[in-house]
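> what's the 3D shape of this:
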Amino acid sequence: DIFGDNDQTKGFVTKLMNTKIGQCHSMPLIYLILANELNANAYLSLAPNHSYIKFGNQYQAYGFETTNGTFTSDEWIVASGYISPTAIKNQIYLAPLTQEQVIAECLIDLEEGMDFLFGKSDFSIKCAETTLKYFPNSIGAILTINNVSVAECAKTAKKYKFPKEEEYAKYPELKKQFDEMIEFEMQVEGTGYQKMPAEQYEKWQQTANEEKQRREHLKLLSKLQESANEK
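Down below sits the predicted model:
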């Protein structure tokens with residue numbers, strides 16, 4: 001249950017601190033918390049179903065995979081197969097987040113926890129809209145609004161006994177919600193977002209232990225040591 005589908009606390013930093021067991025959500029966050037306390041240069045970056053750490057300078061950036069303690073590259077992250085050039089251009093993935101953006105993204109964590117307990121509500125929209133004020137490219141917030149739109153449309157369709165799409169014009173409320181849902185789904189598509197199945201994520205994560213990735217880790221580690229020695 002690495003995604004916390006059955007237990008939302010699986011992704012909590014407090015759970016990681018109490019049990020010494022975490023995953024790709026909680027581990028980068030505790031790394032970032034400690035880095036901030038030490039005034040170290042570190043940033044959170046997002047990937048499909050995943051987050052990791054970036055640090056470095058204008059000449060050399062390093063990615064750090066907290067789940068296995070290896071240095072990594074954007075190329076390895078992109079190799080998941082679910083990060084499109086459009087998504088990179090729109091900075092929904094790979095871009096280092098500001099502290100403000102990280103805090104805003106925490107509202108989506110809160111929304112997902114409340115959704116897990118009580119289902120979608122106006123609170124879901126409030127969290128997502130607030131997140132977008134400070135992090136306009138938050139794919140989590142965009143998907144939250146989209147999911148609420150889909151749920152509302154389905155609820156209205158049920159009220160009218162699920163008419164055929166060509167009959168929606170007879171039901172103005174349903175037609176309006178359906179059109180808004182389609183419009184928003186087109187916006188989601190425009191971000192370059194692609195849904196990554198859980199099984200595909202696990203398969204991709206396993207490549208971190210492959211020889212190619214180990215060589216990449218040693219290469220980046222050597223560069224980092226050389227940089228430190230120059231100072």
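
> what's the neighbour count on Leu32?
Residues lying near Leu32 (other C-beta atoms under 10 Å) number 21. All C-beta spots, glycine's among them, are computed from the backbone N, C-alpha and C.

> Not counting its neighbours along the chain, what's nearest the residue in the chain sticking out farthest from the centre?
Distance from the C-alpha centroid of the chain, by C-alpha atoms, centre = their mean, peaks at Lys170 (39.0 Å). Once flanking residues are discounted, Lys170 sits nearest to Pro163: 7.1 Å by C-beta to C-beta, 6 or more residues apart in numbering.

> what ranges do the strands span in the protein?
43-47, 50-56, 61-65, 70-72 (DSSP state E).

> could you give the mean pLDDT of the last one?
Summarised as a single mean, pLDDT over strand 70-72 is 86.

> List the neighbouring strands of it plus their orientation.
Using DSSP bridges, strand 70-72 pairs in its sheet with strand 61-65 (antiparallel).

> dump the residue contacts of Cys24.
For Cys24, the contact set (C-beta atoms under 8 Å, 6 or more residues apart in numbering) comprises 2, 49-52, 66-67.

> on that earlier part again, burial count for the residue nearest to Lys170?
Neighbour tally, Pro163, other C-beta under 10 Å: 13.

> isn't His50 right up against Glu202?
No - using C-beta atoms under 8 Å, His50 is not in contact with Glu202; the gap is 11.0 Å.

> and those two? which has more neighbours close in?
Each of His50 and Glu202 has its neighbours counted (other C-beta under 10 Å); His50 has more, 21 against 12.

> Skipping its backbone neighbours, what lies nearest that one in space?
Cys24 (5.0 Å).

> and that neighbour, how far is that from Leu224?
Noted for Cys24: a distance of 22 Å to Leu224, by C-beta to C-beta, to the nearest Å.

> what do you get for Ser51?
Between Ser51 and Leu224 the computed distance is 21 Å (C-beta to C-beta).

> pLDDT and distance to Pro96 for the contacts of Cys24 - can I get that in TSV?
Below are the contacts of Cys24 laid out as TSV (pLDDT from 0 to 100; distance: C-beta to C-beta, whole Å):
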residue	pLDDT	distance to Pro96
Ile2	66	24
Asn49	89	19
His50	90	15
Ser51	94	11
Tyr52	94	10
Thr66	92	15
Thr67	88	18
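
> Now render the residues you listed as JSON lines, adding distance to Asp122.
As requested, the contacts of Cys24 are exported to JSON lines (distance: C-beta to C-beta, whole Å):
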{"residue": "Ile2", "distance to Asp122": "30"}
{"residue": "Asn49", "distance to Asp122": "27"}
{"residue": "His50", "distance to Asp122": "29"}
{"residue": "Ser51", "distance to Asp122": "27"}
{"residue": "Tyr52", "distance to Asp122": "33"}
{"residue": "Thr66", "distance to Asp122": "35"}
{"residue": "Thr67", "distance to Asp122": "35"}
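
> Quickly name whichever of the residues you listed is closest to Lys175.
Nearest to Lys175 among the contacts of Cys24 is Asn49, at 34.4 Å by C-beta to C-beta.

> List the contacts of that closest one.
3, 24, 196, 198, 201.

> quick one: pLDDT of the residue nearest to His50?
Per-residue confidence for Cys24 comes out at a pLDDT of 91.

> Got phi/psi on it?
Here is the backbone geometry of Cys24 (degrees, to the nearest 10): phi -70, psi 0.

> mind giving me a markdown table with the contacts of Asn49 and columns for distance to Glu129?
Below are the contacts of Asn49 laid out as a markdown table (distance: C-beta to C-beta, whole Å):
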| residue | distance to Glu129 |
| --- | --- |
| Phe3 | 24 |
| Cys24 | 26 |
| Met196 | 25 |
| Ala198 | 28 |
| Tyr201 | 28 |
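
> Sweet, I'm off.
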